[in-house]
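A.B. asks: Sequence plus predicted model, see below.
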Amino acid sequence: MRENRIRVPKEAAAGEIVEVRAMIMHPMETGFNVDDQGAVIPVNIVAEFKCVYDGREVFRARLEPGLSANPLFIFHLRATRTAPVEFLWRDQDGDLTTASATLTVR
Amino acid sequence: MKGAAARPPNRRQVIALGVGGVMLSALPEPVGATQDEVSAAIAKLFGSGAIIDGRVMLEIPKLAETGFSVPVSVSVESPMTEADHVSRIAIFSEQNPRPRIVEAFFSPASGAASLETRIRLSGSQGVVAIAQMSDGSLWRARQEIEVIVGACKPPPARR
């Protein structure tokens, strides 16, 4: 589990398209950096991110080392009914980080 | 600059020396991808079908002081219905050692085909965004950006 920040609106009207933000604290090591002893730091990245809402995948990404440290995604979803918006990050070793926030649909 | 290489520089020294200082000498300089490698990376994700310029909105700054975290926004106008939606957007670099930067998947539940993120760039170059529609058609946008200090060097103030 890694530190993360998510932003989901508290409320939306049915059918409204809302913006969602998700960021995870992760160095996204490219394999091109060295540590302070001069040794090459191996590639270490978050490999996959996805967001599921109301039982449907609204956004999924495959990440590469070309993304910045603490990778951020801003995307949208279509509000349908009051339900949790669930976020999942999987790193290259399979470790998972999850987060969730409820979107209330009026 | 070489004088400090006898012992590993501490963080303060690295900051003092600035980017491109002593640590760079220890690094294998990353090699940028060739045009063929960029084309191959695109074909690997999207196949060899025709890619048409248009429909994709790609926004990046014209100039970035460093390539460590460059904001990128990609969007495609689409009704995002079952019959007509954007299924995939990918961002490629033309000069980074690895051309593929991110591949994102959308569905009608997304409501809009838009993606904002932050990318690393090794230097001044072209950035390409490709979108695939639910009918399989492929669309492209390309922008050029000037990067003063590339991201393939030790960041000036690593934690």
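C.D. replies: Sure thing, it's come through.
A.B. asks: ok, residue A:92 to residue A:4 distance?
C.D. replies: 17 Å (CB to CB, to the nearest Å). For the C-beta atoms, the positions are set from N, CA and C on the backbone; glycine is no exception.
A.B. asks: Residue B:119 now?
C.D. replies: Look at residue B:119 and residue A:4: by CB to CB, they are 19 Å apart.
A.B. asks: Of those two, which one has the most company?
C.D. replies: residue B:119 (25 against 16; other CB atoms under 10 Å in any protein chain shown).
A.B. asks: Would you agree the more buried one is in contact with residue A:67?
C.D. replies: Yes - counting by CB atoms under 8 Å, residue B:119 does reach residue A:67; the two are 5.9 Å apart.
A.B. asks: Overlap in contacts, these two.
C.D. replies: Among the neighbours of residue B:119, those also in contact with residue A:67 (CB atoms under 8 Å, 6 or more residues apart in numbering or on different chains) are B:101, B:102.
A.B. asks: Please list all residues in contact with residue A:14.
C.D. replies: Shown in contact with residue A:14 (CB under 8 Å, 6+ apart): A:79, A:80, A:81, A:105, A:106.
A.B. asks: Now name the helix or strand holding the second one.
C.D. replies: The one in question is residue A:80. Here residue A:80 sits in a region with no helix or strand, counting by DSSP states H and E.
A.B. asks: And what about the residue lying closest to residue A:30 once chain neighbours are set aside, helix, strand or coil?
C.D. replies: Once flanking residues are discounted, residue A:30 sits nearest to residue A:65: 4.1 Å by CB to CB, 6 or more residues apart in numbering or on different chains. Three-state call for residue A:65 (DSSP: H, G, I helix; E, B strand; the rest coil): coil.
A.B. asks: And residue A:65, its phi and psi?
C.D. replies: When read as degrees, to the nearest 10, the backbone of residue A:65 gives phi -60, psi -10.
A.B. asks: tell me, how many neighbours does it end up with?
C.D. replies: For residue A:65, the count of nearby residues is 21 (other CB under 10 Å).
A.B. asks: my guess is it meets residue A:27, correct?
C.D. replies: No - using CB under 8 Å, residue A:65 is not in contact with residue A:27; the gap is 10.2 Å.
A.B. asks: what do these two both touch?
C.D. replies: With CB under 8 Å, 6+ apart, residue A:65 and residue A:27 have no common neighbours.
A.B. asks: So what's the gap between the longest helix anywhere in chain B and the chain middle?
C.D. replies: For chain B, the longest helix by residue count, based on DSSP state H, is helix B:35-46. The chain centroid and the centroid of helix B:35-46 are separated by 14 Å, computed with CA atoms, centre = their mean, to the nearest Å.
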